[in-house]
Structure formats: C-alpha cells, structure tokens
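Trainee: Requesting a structural model of the entry that follows:
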Amino acid sequence: MSNQAPAPAPAATIEEALLSRRSVRAFRPDPVDRVVIERLLTLAARSASNSNCQPWQVHVVTGDAKRRLCEALVHAHDHVGPVADREYDYQPPAEAWPEPYRSRRRSFGERLYQHTLGIPAADKAARRAHHRRNYDFFGAPVGIVVTVSRRPREGALVDAGLFLQALMLAARGLGLDTCPQASLIDYYPVLRQHLDIPDDQIIVCGLALGHADPDHPLNRLRTPREPLARFATFHD
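Mentor: Here you go, the predicted model:
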C-alpha cells in the first residue's frame, strides 16, 4: 500500500475552487492529457474582456518542447541574468515597495524560505537555487505562456488577468493545480525565440499546470488574506 498522501479532490463549486486554489511549487511528473488542457483553455476563454476583444494568446509546452525551453531558461538564469528592459513595468525594485505591500512580501518570503524550506535569509545561494526551479515550471508536466496584443494597450493586461484566474479555477475543478509565474518575463527573449512569439505580443507571464505533489513540504504552505474590513468600503 502506498504511503503517498492523497491528491487534493477536484473542486465541486466555484467557492471550493477559490478556497482550494494555491500557487503550487512542486508537481508530480504525471502527464496531463491534451484534451484536458484544451478543455481548460476553452473554459478560460469565456472570461470577460474589454468589448469582447479577447486579446490573449496561449503557448502550451509539454514533452521535448518543454525540456528544450526549460534548458534554455535555466542556462539564461545561470549564465546571463535577467534582462534590464522587461516587457512591461510589472513591479518596482525590491527596495522601492511601499507599505503595506513591503511587509506582506517580507512575510511571504519568511513563510516560504525560512518556515517551509528551512532556508535562512542569509543563505542567498539556497534561495537562488529554489528560485531557479521557476525555470522548470516547478517540475510540472505542462508549461503555459500567456501573451496579449500590444494594440489594446494596458487594458489587455487586465483581460489577461481575468483569463488566468479563470484558467486556474477551472484547473481546480478538474483536480489540477497551477502556479502563475511572472519570473519568466525576466528572460522573455528566450521565450520569444523558442515559442516564436511576435513583437506585437506582450509576454504577460507563465503558468505551471499539473498534479500537485502532496508529499512535498512546499505544498503545505498556506498564505493568509487580509480581512474584508481592510480592503472593502461600503457606500450605503
């Protein structure tokens, strides 16, 4: 009899999908059937978009294509470093985050590295080694890269966010897990080259998709959310 922990059950309702969705950073290698991936993308395409423009494009990598892409990303990470001119202004430098976001980021880092992985803040090499796993999609069998057209301007990024959220919730409905990965845009020239992405498309982010490894300590990490009173104002 296997001692492996049971996989998370598929979410039966939208509420269950929202409550069980998490950013999984350790996957089993079990493949995901193409028909399942196509179903998820078809469901996500029902997302709202500005004037129904549907500006998203999706690149799905599996098998040898994923292996070649990941080898190139890891090589760029190890020997080249992130590009200076990113696709879009995703976030400020670490030292420039204002409160309360700076404290939230620091708390997440402590939960991830120190409490979950046992890596102290001073161990930069171990932290870099963990970050490197982004470029193998955390071992997931499916890597997804989402792009949007530059022509609808910044609104297309909002539409991409709606598409990604729908995709992640649909995945929970089929018992799968995901991890959205902005870190991939640090090496967007590699993505452009390997996936033949034209210049008129902005690379928004990547997404790992697969079956979560229930035994990995990373998948015991749960992040808190701010209470309703902190972010909602009711105007009666």
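Trainee: name the element residue 208 belongs to?
Mentor: strand 201-210 (DSSP states H and E).
Trainee: Each with direction, which strands does that strand pair with?
Mentor: Each strand that pairs with strand 201-210, with its direction, by DSSP bridges: strand 142-149 (antiparallel), strand 177-181 (antiparallel).
Trainee: okay, the angle between the longest helix anywhere in the chain and strand 177-181?
Mentor: Ranked by number of residues, the top helix in the chain under DSSP state H is helix 155-173. The directions of helix 155-173 and strand 177-181 differ by 160 degrees, with axes from the mean of the first three to the mean of the last three Cα atoms, to 10 degrees as the criterion.
Trainee: Off-centre distance for helix 155-173?
Mentor: Helix 155-173 sits 11 Å away from the centroid of its parent chain (Cα atoms, centre = their mean, to the nearest Å).
Trainee: Run through the neighbouring helices and strands of it.
Mentor: For helix 155-173, the elements it packs on are helix 14-20, helix 34-44, strand 56-61, strand 142-149, strand 177-181, strand 201-210, judged by 3 or more Cβ pairs under 8 Å, 6 or more residues apart in numbering; DSSP states H and E. In this view, the C-beta of every residue, glycine as well, is placed from N, C-alpha and C.
Trainee: could you dump the fourth one to CSV, C-alpha only?
Mentor: The C-alpha trace of strand 142-149 is given here as CSV (Å, rounded to 0.1, in the frame of the first residue of the first chain):
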residue,chain,number,x,y,z
VAL,A,142,2.7,21.5,-18.6
GLY,A,143,4.1,24.9,-19.1
ILE,A,144,1.9,27.7,-20.3
VAL,A,145,2.9,31.2,-21.5
VAL,A,146,0.2,33.9,-21.9
THR,A,147,0.7,36.9,-24.2
VAL,A,148,-1.6,39.8,-25.2
SER,A,149,-1.7,42.1,-28.1
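Trainee: All good on my end, thank you.
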